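# Here is my input; please provide its structure:
(one chain, ligands or ions: 3)
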Amino acid sequence: MNCTEVLPLQGLYVITPQRANKAGAAGDQAAWLARIEAALAGGARWLQYRDKSPDPGQRLADAGMLRALTQRHGAGLIINDDVALAQAVGADGVHLGQEDGSVPEARTLLGPAAIIGVTCHDRIDLALEAAAAGASYVAFGAFFPSRSKPKATLAPLNLLSQARAELDLPICAIGGVNAGNAAELKAAGADLIAVIDAVFTADDPRLTATQLAAIF
Ligand SMILES: Cc1ncc(COP(=O)(O)OP(=O)(O)O)c(N)n1
Ligand SMILES: Cc1nc(C(=O)O)sc1CCOP(=O)(O)O
Ligand SMILES: [Mg+2]
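Numbers count the residues shown, from 1 in each chain. Ligands and ions are numbered 1, 2, ... in the order given. Now for the predicted structure:
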C-alpha cells in the first residue's frame with residue numbers, strides 16, 4: 001500500500017528513536033518495534049525511519065519491517081536521507097536535509113506521488129526554494145531545545161505564520177515538541193509535528209502519541 005494518495009500531511013509524525021544496541025540484538029529490536037507500534041496505535045499518522053547506522057543490511061531489514069508495520073496501522077512511511085532505501089522498501093517518500101541530495105533527483109527516482117520533505121531550519125528562503133524544486137512538505141525547527149539534536153538551530157514560532165502566509169505546502173514543526181507545546185505550534189501554522197523524544201522516552205508512548213495526535 002502506498003499512502004500518499006489518501007493520507008493527508010497532517011498530525012503526528014513520529015521519528016524512530018535510536019536503538020539501545022546498535023548491533024540490533026533481537027531483544028532490542030523487538031522492544032524498539034514495540035515502542036514504534038505503540039506510537040502508531042496511539043494515532044501517529046506518519047513515521048520516519050531515521051537511522052545513521054552504516055549497516056545497509058540492518059537498515060534494509062528495519063525499513064522493511066517498518067513498511068509492514070505502517071501498512072498495518074494505515075500510516076505513511078518516510079525514509080530519512082536515503083532515496084534508494086525508500087525505493088527498495090516501497091516507502092511513501094523520503095526526508096532530505098540541505099546536504100542530503102536534490103529534490104528533483106529524488107522525485108525522478110520515486111515518482112510524482114512520492115512525499116518529499118525538506119529541512120529548512122529557520123529559513124523561509126530555503127522553504128521557498130524547496131517548494132519551487134517540488135517538495136511535498138517543508139520542515140522548520142528546532143522550535144524548542146532538543147535532546148535528540150542538541151545543536152539544532154533554534155527557530156522562532158512566528159516563522160510558522162510567515163511560512164503559512166508565503167507557502168502553499170504542508171508545514172512540519174520539529175525540535176523539542178511535546179504535549180505541552182504542540183498546540184502553540186499548531187496555532188502558529190504547523191500541519192505536522194515531528195517528534196522523537198517526547199513519545200519514545202515516555203513511560204507510555206501510546207498515551208503520549210494519543211495526546212499529541214488529539215491536538216490535530
Ligand atoms: C521532519 C524532519 N525535519 C527535519 C529533519 C532533519 O533532517 P536533517 O537536517 O537532514 O538532519 P538528520 O535528521 O538527517 O540528522 C528530519 N529528519 N525530519
Ligand atoms: C532530527 C531533528 N531535526 C531537527 C531540526 O531542527 O532540523 S530537530 C531533530 C530532533 C527532533 O527530536 P526531538 O523531538 O527529540 O527533539
Ligand atoms: Mg538528513
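# For stretch 97-111, list every residue counted as buried.
100, 103, 106, 107, 110 (16 or more other Cβ atoms under 10 Å). Every residue, glycine included, has its C-beta placed from N, CA and C.
# Skip the chain neighbours and tell me the closest residue to the first one.
Pointing back at residue 100 there. residue 81 (5.0 Å; Cβ to Cβ, 6 or more residues apart in numbering).
# Which of the buried residues of stretch 97-111 fall in helices?
103, 106, 107, 110 (DSSP state H).
# what about residue 84, neighbour count?
Residue 84: 11 surrounding residues under other Cβ atoms under 10 Å.
# show me where the protein has helices.
Using DSSP H, the helices found in the chain span residues 26-42, 56-73, 83-89, 103-110, 124-133, 158-166, 182-188, 197-200, 205-214.
# hmm, back to that, can you redo the ones in helices among the buried residues of stretch 97-111 as TSV with distance to residue 65?
Listed next are those as TSV, based on distance: Cβ to Cβ, whole Å:
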residue	distance to residue 65
103	27
106	23
107	26
110	20
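# just so I know, which of the helices of the chain lies nearest ligand 2?
For ligand 2, the closest of the helices of the chain is helix 197-200, at 3.0 Å, according to Cβ to the nearest ligand atom.
# Now that closest one: average pLDDT?
Here helix 197-200 scores 98 as its mean pLDDT.
# and that helix, anywhere near ligand 1?
No - applying Cβ under 6 Å from any ligand atom, one finds helix 197-200 separated from ligand 1 by no less than 13.4 Å.
# Then stretch 169-185?
Yes - using Cβ under 6 Å from any ligand atom, stretch 169-185 reaches ligand 1 at 172, 174.
# what residues are up against the residue nearest in space to the middle of the chain?
Centrality entry for the chain: nearest residue to the mean C-alpha point is residue 48, 4.3 Å, by Cα atoms, centre = their mean. The contact partners of residue 48, by Cβ atoms under 8 Å, 6 or more residues apart in numbering, come to 13, 14, 15, 16, 77, 78, 79, 80, 95, 194.
# List buried residues within the residues you listed.
Burial by neighbour count, judged by 16+ other Cβ under 10 Å, picks out 13, 14, 15, 16, 77, 78, 79, 80, 95, 194 from the contacts of residue 48.
# measure the last one to ligand 3 for me?
Here residue 194 is placed at a distance of 12 Å from ligand 3 (Cβ to the ion, to the nearest Å).
# who touches residue 159 in this structure?
122, 124, 140.
# err, residue 18, not the other one
Listed by Cβ under 8 Å, 6+ apart, the contact partners of residue 18 are residue 51.
# And it, how far from ligand 3?
Distance of residue 18 to ligand 3, computed by Cβ to the ion: 15 Å.
# Could you list the low-pLDDT ranges of this structure?
Across the chain, the ranges flagged by pLDDT under 70 are 1-5, 21-27.
# For ligand 1, what is the nearest residue in it?
Among the residues of the chain, residue 97 lies nearest to ligand 1; the distance is 1.9 Å by Cβ to the nearest ligand atom.
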